[in-house]
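Q: here are the coordinates; sequence isn't available:
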């Protein structure tokens with residue numbers, strides 16, 4: 001079973017010399033920006049995306065507020081759109097499929113649903129509950145994504161929105177992440193086995209002293225990604241209180257996105273406190289607020305697409321024409337990276353139990369020839385396999401490795417004389433990597449990262465380590 005190391009932190013590293021960490025930067029896909037019709041504002045749209053393989057179309061669920069030109073927002077309506085390419089959307093006419101009392105728009109999909117956000121597509125569920133969507137306190141389910149019914153309440157009181165469900169394979173349960181009471185924007189988790197009964201909230205993440213003054217967390221969609229839980233953390237940079245205003249922050253202030261991550265899907269922490277999706281400049285659709293809410297792998301493009309709702313104005317200031325649904329593209333694994341700085345850099349893992357097969361690296365070099373001069377790496381990357389004390393294994397040294405300087409999601413290092421890593425199956429190894437003018441995004445292979453006790457059991461007793469979910 002393949003394991004993936006992403007470099008949110010240094011937990012699995014034993015050496016990091018002249019190597020810096022950077023946060024990836026998704027890029028806006030200009031043709032994805034969609035405003036819907038003029039009467040609707042999608043600033044708080046919270047889009048959810050699903051590919052309908054039977055029909056060969058992408059489906060988009062979102063909400064929009066009906067506005068009349070004033071600052072603020074009006075009543076929310078629940079809407080649906082479709083696309084052949086996931087970028088160019090058209091309204092899905094549901095008038096023949098669904099009768100909605102007081103229908104105002106042909107692409108409405110629900111009546112009597114309060115503000116909603118997160119969607120979970122659950123192939124394990126009963127056919128009529130394959131799609132589950134969260135409202136402020138209710139769970140709504142559907143078998144076709146068009147006809148929705150209320151099935152349960154997941155929290156006791158009506159609370160601010162920004163709640164997102166995900167399946168947690170570590171716990172073997174579904175989890176909702178959201179707020180615990182109105183106006184309290186700290187992130188909490190709720191757990192469920194059957195979508196009828198729900199646990200009490202447990203605090204998972206909130207703003208701290210490392211954040212800018214008066215920052216609040218606002219929402220945090222979570223996605224299980226190659227053994228990690230990756231979260232798109234919305235941060236609300238609120239204004240100061242001034243005379244005749246509420247002590248609570250509701251109006252004005254930008255919203256952007258940082259990264260958070262977890263190994264067990266319950267307790268989250270952040271990597272560098274840099275914006276992952278920052279606000280754009282004046283005139284950009286995301287200049288005021290951006291709320292990314294869906295992560296879609298695009299393996300045919302070797303990318304991830306991140307869908308968001310956005311607004312050109314700041315929080316709660318949403319006149320007509322200010323909101324949109326849009327998408328960003330990101331390199332596969334492109335959340336964080338390690339990069340050499342001013343000359344070659346080196347890093348090395350802690351001991352790994354190698355279960356066979358070959359190693360692959362998601363690597364982005366500058367291109368051109370990979371150059372080694374008098375043993376000095378001038379451009380590219382190369383790999384060395386060490387024993388547990390950090391001494392190179394003969395035949396697997398940097399000097400034996402054929403360096404590489406290109407752009408490859410799965411570069412497999414090779415060594416002279418046809419040596420392969422599969423020959424070290426069942427052994428404890430350390431993977432050392434040298435970089436120059438290159439970024440490393442991920443390391444993959446059939447291995448288990450070992451703690452000291454596990455390494456002792458392997459070397460002293462011949463007892464291989466076991467995978468510990470959530471660690």
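A: Received it, and whenever you're ready, just let me know what you need. As the structure is a prediction and not an experimental result, all values here were calculated from the model.
Q: so residue 152 makes contact with residue 176?
A: No - counting by C-beta atoms under 8 Å, residue 152 sits too far from residue 176 to count as a contact (11.5 Å). Quick note: C-beta positions are derived from backbone N, CA and C, even for glycine.
Q: Who has more neighbours out of the two?
A: Taking other C-beta atoms under 10 Å, residue 152 and residue 176 do not tie; residue 176 has more neighbours (25 against 16).
Q: so how far is the first residue of stretch 361-372 from its last?
A: For stretch 361-372, the first and last residues are 19 Å from each other (C-alpha to C-alpha, to the nearest Å).
Q: Going by neighbour count, list what's buried in that stretch.
A: Neighbour-count burial for stretch 361-372, counted by 16 or more other C-beta atoms under 10 Å, picks out 361-365, 370, 372.
Q: I'd like those residues as TSV, with secondary structure appended.
A: Output for these, formatted as TSV (DSSP: H, G, I helix; E, B strand; the rest coil):
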residue	secondary structure
361	strand
362	strand
363	strand
364	strand
365	strand
370	coil
372	strand
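Q: Which pair of those residues spans the longest distance?
A: The most widely separated members of the buried residues of stretch 361-372, counting by C-beta to C-beta, are 362 and 372 (21.9 Å).
Q: where exactly do the helices run in the stretch 351-471 of the chain?
A: 452-461 (DSSP state H, counting those that start in this stretch).
Q: Tell me which residues touch residue 86, please.
A: 49, 51, 58, 296, 305, 327 (C-beta atoms under 8 Å, 6 or more residues apart in numbering).
Q: re the thing from before, need the residues touching each of residue 152 and residue 176.
A: Jointly contacting residue 152 and residue 176 under the rule C-beta under 8 Å, 6+ apart are residue 198.
Q: and the contacts of residue 86, which are buried?
A: By 16+ other C-beta under 10 Å, the contacts of residue 86 give 49, 58, 296, 305, 327 as buried.
Q: can you pull the pLDDT of the nearest residue to the last one once chain neighbours are set aside?
A: Counting by C-beta to C-beta, 6 or more residues apart in numbering, the nearest residue to residue 327 once its immediate chain neighbours are dropped is residue 32, at 3.8 Å. On the pLDDT scale, residue 32 is placed at 98.
Q: And residue 249, by the same measure?
A: 78.
Q: How about it, nearest residue that isn't a chain neighbour?
A: Counting by C-beta to C-beta, 6+ apart, the residue nearest residue 249 is residue 238, at 3.5 Å.
Q: ok, the one you found touching residue 251?
A: No - with contact defined as C-beta under 8 Å, residue 238 and residue 251 do not form a contacting pair (9.3 Å).
Q: Looking at these two, which is more packed in?
A: Each of residue 238 and residue 251 has its neighbours counted (other C-beta under 10 Å); residue 238 has more, 23 against 14.
Q: model confidence over stretch 75-84, on average?
A: Averaging pLDDT along stretch 75-84 gives 94.
Q: whoops, I mixed them up, stretch 346-365
A: Averaged over stretch 346-365, pLDDT sits at 97.
Q: Pull up the distance across it, start to finish.
A: 15 Å.
Q: again with stretch 307-323
A: Between the opening and closing residues of stretch 307-323 there is a gap of 14 Å (C-alpha to C-alpha).
Q: which of the residues in that stretch are buried?
A: So stretch 307-323, judged by 16+ other C-beta under 10 Å, has buried residues 307-320, 322-323.
Q: about what we covered before: will you turn the buried ones among the contacts of residue 86 into CSV that also has pLDDT and secondary structure?
A: Listed next are the buried ones among the contacts of residue 86 as CSV, based on pLDDT from 0 to 100; DSSP: H, G, I helix; E, B strand; the rest coil:
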residue, pLDDT, secondary structure
49, 97, strand
58, 98, strand
296, 97, strand
305, 98, strand
327, 98, strand
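Q: thinking residue 116 is in contact with residue 137, fair?
A: No - judged on C-beta under 8 Å, residue 116 makes no contact with residue 137 at a distance of 10.7 Å.
Q: So if I had to pick from these two, which one is more boxed in?
A: A direct count of neighbours by other C-beta under 10 Å for residue 116 and residue 137 places residue 116 higher, at 23 against 15.
Q: Once you drop chain neighbours, what's closest to that one?
A: Nearest one to residue 116, counting by C-beta to C-beta, 6+ apart, is residue 135 at 4.5 Å.
Q: The one you found: how many residues sit nearby?
A: 25.
Q: Next, find the distance separating it from residue 211.
A: 29 Å (C-beta to C-beta, to the nearest Å).
Q: What of residue 204?
A: From residue 204 across to residue 211, the span is 16 Å (C-beta to C-beta).
Q: These two: which has the busier surroundings?
A: Between residue 204 and residue 211, counted using other C-beta under 10 Å, the more crowded position is residue 204 (22 against 16).
Q: tell me which element the more buried one is part of?
A: Per DSSP states H and E: residue 204 is located in strand 202-205.
Q: Now that strand: buried residues?
A: 204-205.
Q: same check, this time on stretch 282-301
A: By neighbour count with 16+ other C-beta under 10 Å, stretch 282-301 contains the buried residues 285-296.
Q: so which of the residues you listed would you say is closest to residue 81?
A: Ranked by distance to residue 81 (C-beta to C-beta), the buried residues of stretch 282-301 are led by residue 294 at 13.2 Å.
Q: Could you check how far the closest residue to the closest one other than its chain neighbours is from residue 276?
A: Closest residue to residue 294 apart from its sequence neighbours, by C-beta to C-beta, 6+ apart: residue 307 at 4.0 Å. When distance is defined by C-beta to C-beta, residue 307 is 14 Å away from residue 276.
Q: Also residue 124?
A: Distance from residue 124 to residue 276, by C-beta to C-beta: 31 Å.
Q: The two: who's more crowded?
A: Shown here are residue 124 and residue 276; by other C-beta under 10 Å, residue 276 has more neighbours (24 against 8).
Q: For that one, list the residues it contacts.
A: Residue 276 touches 23-26, 232, 257-259, 335, counting by C-beta under 8 Å, 6+ apart.
Q: let's go with 6 Å and repeat that
A: Neighbour list for residue 276: 23, 257-259 [criterion: C-beta atoms under 6 Å, 6 or more residues apart in numbering].
Q: Just the closest of those residues to residue 417, please.
A: Nearest to residue 417 among the contacts of residue 276, with distances taken as C-beta to C-beta, is residue 23, at 39.7 Å.
Q: and the nearest residue to that closest one once chain neighbours are set aside, how many neighbours does it have?
A: Once flanking residues are discounted, residue 23 sits nearest to residue 274: 4.6 Å by C-beta to C-beta, 6+ apart. Neighbours of residue 274 under the rule other C-beta under 10 Å: 15.
Q: which SSE is residue 274 in?
A: Using DSSP H and E, residue 274 falls outside every helix and strand.
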